[in-house]
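> pasting a predicted model and its sequence here:
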Amino acid sequence: MLSELDSLKTAALAALDAAQDETALEAVRVNFLGKKGSVTALSQGMKDVPVEQKKEVGAKLNEVRTAITEGIDTKKLALQAAQDAKAVEGIDITLPGRPGAGVGALHPLTQIRDLAIRTLRRMGFALAEGPEIETEWHCFDALNTPADHPARNEKDTFYLPDGRLLRTHTSSVQVRTMEAAKALPIRIIAPGAAYRRDEIDATHLSVFNQLEGLYVNQDVSLGDLKGTLEYFFREIFGVGTAVRFRPHFFPFTEPSFEIDVKLEAKGKDARWIEIAGCGMVDPAVFAEINKARGDNLFDPETTTGFAFGLGLDRLAMIMHGITDIRHLIENDVRFLQQFAV
Ligand code: DAH
C-alpha cells in the first residue's frame, strides 16, 4: 500500500504537470481525489490494513492527498497567471493614458441640490427621507388635504391598484418625520422625486424634484421662517437679491405664502419669479400626527413650526436660464457640458 501510494503521487504530479488548462486540471482532481478517484479508493482500503501499520499508512495517505491538493492549487494559479499575461500581450501598460471624453461632471440638478443641501445644513437642517410610493394618508390626509381636493383626483395623481400612490410632493416626508420623532425640535430637509400626471411640455414633467423643509419647536415664529428663507435664497442667488412673501393657500400651512425672488434674465428687466411655497404648520396637521402617534408631542397649543417646499428643476432653470425642462432629462452631452464645473 505504501508503494502504491507513492506511485499514485508520482502519477498525479506528472498528470498535473501535463495539464494545459483548467478543464484538464479538473480532470486530474476528479481522477485522483474525486469520489471514485484512485486516492479515495485506496483510502477505502484502510480498514484492511493491519493495526500496527495503520499509523504509517494513514500518514502517507494524508501526505499524498495534501501533495496533490497543493499541486492542483499551485498549477491553477500558474495557469491563471499565464492567461493574464496572454491577455495583456502586446499592450504597453506603461503608456500614459489619453485624455479622452473627460472624467465627466455632476448634472446641473445635482449641483443645485447639493448647493441647497449644503446651505441649509449650515443652518442646522438634517437630511430626512421617505418613500416615493406613499399612502394617501401620508401624502394628503395627514396634511389636512380633504378627500375632494383636486390634487387627489385620479386625473392628477398616479395611483397603484392597492390604493397607494406616487407621492405628489415631498411634503409627505414632513409627516413621516413627525410620526417617528422622539423629541423636539425637528429641523429637517428632504430632497427627492415627486410625481404628477402632468402633460409633458417645456415647463412640466411627470417626474420632478423637490426639496422640502420643516422646523418644529415650541416657539417657532413667522420671523424665523422669513429670516431662514431670505437668507437661503440670498445665498443661492446673491446677497442683494430681493425676496418677497406673497399670501397664498396651502392646506397644511396657515398662514401660507408663495416666495418670489426678483431676478433679471439675461438682457431683460428684473422681474418677480415664483420659487417656493411655505407657511406655518397648520395646527390641524399637528393634531392628526398626535392622533396617529397616540401621544401629544406636537401639542397644538404649544408647538409651532414652519415648512417650505421648492422645485429643484425650476430652480436649475431659473439659475441657468434654461427654457425647456426636458433638457434636464434628455442627457444630451452638448447641453450638459455647459454646466460642467
Ligand atoms: N407641497 C407643495 C407643492 O408641492 C409645496 C409646499 C408649499 C411645501 C408649502 C411646503 C409648504 O412645505 O409649506 O406644491
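Sure thing, it's come through. Residues are numbered from 1 along each chain as shown.
> show the average pLDDT along stretch 194-214.
Stretch 194-214 carries an average pLDDT of 96.
> any idea how far it is from the chain center?
Offset of stretch 194-214 from its chain centre (C-alpha atoms, centre = their mean, to the nearest Å): 19 Å.
> okay, that stretch in PDB with CA atoms only?
Output in PDB follows, covering the C-alpha atoms of stretch 194-214 (Å, rounded to 0.1, in the frame of the first residue of the first chain):
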ATOM      1  CA  ALA A 194     -42.300  63.800  -6.900                       C
ATOM      2  CA  TYR A 195     -44.800  62.700  -9.500                       C
ATOM      3  CA  ARG A 196     -47.800  64.200 -11.200                       C
ATOM      4  CA  ARG A 197     -50.000  63.200 -14.100                       C
ATOM      5  CA  ASP A 198     -49.000  66.400 -16.000                       C
ATOM      6  CA  GLU A 199     -48.900  66.700 -19.700                       C
ATOM      7  CA  ILE A 200     -45.200  66.900 -20.500                       C
ATOM      8  CA  ASP A 201     -44.200  70.300 -22.000                       C
ATOM      9  CA  ALA A 202     -41.500  72.900 -21.700                       C
ATOM     10  CA  THR A 203     -42.300  73.500 -18.000                       C
ATOM     11  CA  HIS A 204     -43.800  70.200 -16.800                       C
ATOM     12  CA  LEU A 205     -42.500  66.700 -16.400                       C
ATOM     13  CA  SER A 206     -44.400  63.800 -14.700                       C
ATOM     14  CA  VAL A 207     -41.400  63.200 -12.500                       C
ATOM     15  CA  PHE A 208     -39.700  66.200 -11.000                       C
ATOM     16  CA  ASN A 209     -37.500  67.100  -8.000                       C
ATOM     17  CA  GLN A 210     -38.400  69.000  -4.900                       C
ATOM     18  CA  LEU A 211     -36.800  70.000  -1.600                       C
ATOM     19  CA  GLU A 212     -38.900  70.000   1.500                       C
ATOM     20  CA  GLY A 213     -38.100  71.700   4.800                       C
ATOM     21  CA  LEU A 214     -39.600  71.500   8.200                       C
END
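> go through it and flag the buried ones.
194-196, 205, 208-214 (16 or more other C-beta atoms under 10 Å). (Each C-beta comes from the backbone N, C-alpha and C, glycine too.)
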